[in-house]
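Enquirer: build me a structure from this.
(one chain, ligands or ions: 1)
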Amino acid sequence: MINWNNLDTLNAYKKLLSLKGQVNLSQALSASRVKEYQTPMAAGLAYNYAAKEVNEQILSVLAELSAEQQLIEKYQALLDGEVINTGENRKVLHQLSRGQAGKDVFFQGKNLRDFYAGEQKKIADFAASVHSGKIVGSKGDRFASVVQIGIGGSDLGPRAMYLALEQWAQASGKKKMEARFISNVDPDDAVAVASSVELAKTLFILVSKSGTTQETLANELFVKDLLKKAGLDPSKHMIAVTSETSPLANNPGYLASFYMDDFIGGRYSSCSAVGGAVLSLAFGPETFAAFLDGAHAADKSALESDIRKNPALLDALIGVYERNVLGYPSTAILPYSQALSRFPAHLQQADMESNGKQVNRRGEAVRYATGPVIFGEPGTNGQHSFFQLLHQGTDIVPLQFIGFQESQAGADVVVEGSTSQKKLCANLSAQIVAFACGKQDTNPNKNFPGGRPSSLIWGKKLTPEALGALLAHFENKIMFQGFVWNLNSFDQEGVQLGKVLTKKVLSGDMDPALKAYAEIFGL
Ligand SMILES: O=P(O)(O)OC[C@H]1O[C@](O)(CO)[C@@H](O)[C@@H]1O
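Expert: So this is what the prediction gives:
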């Protein structure tokens, strides 16, 4: 039987609090620790936690915490189709969109694994017809570009995944179509993207699970208007990805429609039709399938109950120790990989929309900190931007570095005896040690206190499988942390109030303060 308990009721948590400050990172970090504190991940990646403020005792209490809070049992229940999203009375099935890691899951007599796989197959067939020129634009042009219209989870994950594989696909001859994304309701976004493509050769993918998102519906009409003005038939240039219950479903005004359902949250939808359509069109269905394989392998590894062999669980538990025992308020995601330039933005939504909560699954206020603020940028760019605060600021910000031995494109140049890829990796290695160990200086302005923890996820090269594994790692980490904090990580009520007030502004039904702000913009 599963018990849903608050973190502060757990014996292991009380023990953990007594272990605060046991590790002096600058003294603890050693070559042997770098080798020992590492666990393999799916798709050839590895999670290294040598530069985290943990030791054997802390790790063993974190294992107790995992067992006492039944983290693996809860994950298994989620996989088996239990209603984990209690706020919306929904199952949580994004893992099922990339393989069967639990039991068969049925809803209203439908086997949902078959449903997700069926949509993937429909997308693969559609993509093949677009690539072969069987399906063409309304003036007979072959499609060369694809533009996704969507926001939040219908944009961030797919966009981050597309950018992550673009160079890899180019270098390996897998790039089939150029992709662009329109998300913001700021009309300049749609104008800029539309003017960067040849409309007659462009296929638009309208993505909205709910089919009601204001920004996306506005952008749909914006684009349809541009298509009509260019003498093109919008119904031959737009496909839809939505849920079967949305107002967009079964609309003959789209060239084709593909479906996901309410059991896949927007921020967890990259492996469903939401990511599948654009990635299959851009890089071919086999690339998307390889990405799903990597994610599925990571889902399976997250079932391991030994925390030292389960990277997502270990990462989650160390994060809880940092947040709830050491009191660190934020976490930076620092990929030393240009391909992952939008990955931190995706994780901002994935993590903060999931665990930015102040009440538990039963709606009761919790008396401990929950999700940290997430932000990040690729290295080395971040080094020349906000790293000053990370090294010498008054807050300690745990860091999640990500790096690869090889670049995706392979092209490189030797300058002053080293390639650019070597310089990139040298910077990454240097930063980990600089943060952990610091450097004493008699001039306080030049003193580096050290003691700033980081983890490193690394691999040979960012391939589709590795990307899938990386994505699933973070999704599963977020899920485990939500379980630890006894949250419902799968709803997002906190986004609603702003939507309601926006409607009031647009309908003219405003309180005085709201009216005063609206008047600034002449509304
Ligand atoms: O796919 P939809 O339904 O348009 O939703 C887009 C995004 O809006 C949100 O509901 C937040 O407003 C996100 O959770 C979601 O990813």
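Enquirer: what does this protein have sitting close to the ligand?
Expert: Contact residues, the chain versus the ligand (Cβ under 6 Å from any ligand atom): 151-154, 208-210, 213, 216, 266-267, 353, 492, 495. Glycine gets a C-beta too; all of them are placed from N, C-alpha and C.
Enquirer: just the residues you listed: which are in helices?
Expert: Using DSSP state H, the subset of the residues of the chain next to the ligand located in helices is Thr216, Glu353.
Enquirer: any chance of the residues of the chain next to the ligand in JSON lines, with neighbour count, distance to Val130 and pLDDT too?
Expert: Compiled in JSON lines, these are given as follows (neighbours: other Cβ atoms under 10 Å; distance: Cβ to Cβ, whole Å; pLDDT from 0 to 100):
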{"residue": "Ile151", "neighbour count": "20", "distance to Val130": "24", "pLDDT": "98"}
{"residue": "Gly152", "neighbour count": "20", "distance to Val130": "26", "pLDDT": "98"}
{"residue": "Gly153", "neighbour count": "26", "distance to Val130": "24", "pLDDT": "98"}
{"residue": "Ser154", "neighbour count": "30", "distance to Val130": "20", "pLDDT": "98"}
{"residue": "Ser208", "neighbour count": "27", "distance to Val130": "21", "pLDDT": "98"}
{"residue": "Lys209", "neighbour count": "28", "distance to Val130": "23", "pLDDT": "97"}
{"residue": "Ser210", "neighbour count": "15", "distance to Val130": "26", "pLDDT": "96"}
{"residue": "Thr213", "neighbour count": "21", "distance to Val130": "25", "pLDDT": "97"}
{"residue": "Thr216", "neighbour count": "25", "distance to Val130": "22", "pLDDT": "98"}
{"residue": "Gly266", "neighbour count": "26", "distance to Val130": "25", "pLDDT": "98"}
{"residue": "Arg267", "neighbour count": "26", "distance to Val130": "27", "pLDDT": "98"}
{"residue": "Glu353", "neighbour count": "22", "distance to Val130": "32", "pLDDT": "98"}
{"residue": "Gln492", "neighbour count": "21", "distance to Val130": "33", "pLDDT": "97"}
{"residue": "Val495", "neighbour count": "10", "distance to Val130": "34", "pLDDT": "96"}
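Enquirer: for Asn24, state which of the residues of the chain next to the ligand is nearest.
Expert: For the residues of the chain next to the ligand, the residue nearest Asn24 by Cβ to Cβ is Glu353; the value is 35.6 Å.
Enquirer: quick one: the closest one and Val495 touch, right?
Expert: Yes. Assessed by Cβ atoms under 8 Å, Glu353 is found in contact with Val495 at 7.3 Å.
Enquirer: which parts of the stretch 1-150 of the chain are helices?
Expert: 11-17, 25-28, 31-36, 56-68, 71-79, 112-132 (DSSP state H, counting those that start in this stretch).
Enquirer: got a markdown table for the ones you listed, with distance to Gly450 and mean pLDDT too?
Expert: A markdown table is the format used below for the helices of the stretch 1-150 of the chain (distance: least, Cβ to Cβ, whole Å; pLDDT from 0 to 100):
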| stretch | distance to Gly450 | mean pLDDT |
| --- | --- | --- |
| helix 11-17 | 23 | 98 |
| helix 25-28 | 4 | 96 |
| helix 31-36 | 15 | 98 |
| helix 56-68 | 19 | 98 |
| helix 71-79 | 32 | 98 |
| helix 112-132 | 47 | 98 |
